[in-house]
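Peer 1: this one's structure only:
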């Protein structure tokens, strides 16, 4: 697949490294040609402006600060799949600074398939993710394409509902980051499925 990144920061570099290794064609997009070119050189990609990267990719990664995500997403042409990995956090108390970035992005980019993914971990995790790590995906369309990109990292796609569930995924990130900063172990919150719910599966009574 052809993938464009809107942003040339640590998240874009971490994810693009795996996608290039998996054989995908990647363009690193940014406002700074020098910085985008440097990142592209490190990962084996090509570089361009934000508009060029948006036009290049069948799939486009939105990896910019949440406060500019909506404006940048307007660069994406209709018909593309946009992966939103942003989190709008109020770092004073680790609550959400806005209700749902993904839904706001979708409203600003009509005709673009928006999928929320990769927002539950920092770039350091994506540089060398644990094998089989579950990656929740929220979207109404384009989820299958993004699932392929998750698998390119050696991770497991987890279908987490339509785009209206993205706000829950964003809230989960805020909660988890707050717990982690406070010294808690987020992983300890989730027991094995059989212990949490017994042998009953969703849809069974």
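Peer 2: Yep, it's here. Note that the structure is predicted; figures quoted are calculated from it, not measured.
Peer 1: Test my guess that residue 141 contacts residue 113.
Peer 2: Yes. The pair residue 141 / residue 113 is scored as a contact, 4.1 Å apart, by C-beta atoms under 8 Å. Backbone N, C-alpha and C define where each C-beta goes, glycine included.
Peer 1: mind listing the helices in the chain by residue range?
Peer 2: Remark: helices assigned in the chain by DSSP state H are 10-21, 33-43, 50-56, 66-73, 101-108, 123-127, 143-151, 166-181, 193-197.
Peer 1: mind putting these in CSV, mean pLDDT and mean neighbour count included?
Peer 2: As requested, the helices of the chain are arranged in CSV below (pLDDT from 0 to 100; neighbours: other C-beta atoms under 10 Å):
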stretch, mean pLDDT, mean neighbour count
helix 10-21, 98, 22
helix 33-43, 98, 17
helix 50-56, 98, 21
helix 66-73, 97, 19
helix 101-108, 97, 22
helix 123-127, 96, 16
helix 143-151, 98, 19
helix 166-181, 92, 18
helix 193-197, 56, 9
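Peer 1: So which of the ones you listed is nearest residue 1?
Peer 2: helix 143-151 (7.1 Å; C-beta to C-beta).
Peer 1: hey, what's residue 157 bridged with?
Peer 2: Residue 157 forms beta bridges with residue 135, as assigned by DSSP bridges.
Peer 1: can you tell me how far it sits from residue 144?
Peer 2: Taking C-beta to C-beta, to the nearest Å as the measure, residue 157 falls 9 Å from residue 144.
Peer 1: Also residue 88?
Peer 2: 27 Å.
Peer 1: swap in residue 179?
Peer 2: For residue 179, the distance to residue 144 (C-beta to C-beta) stands at 32 Å.
Peer 1: If anything else comes up later, I'll come back, but that's it for now.
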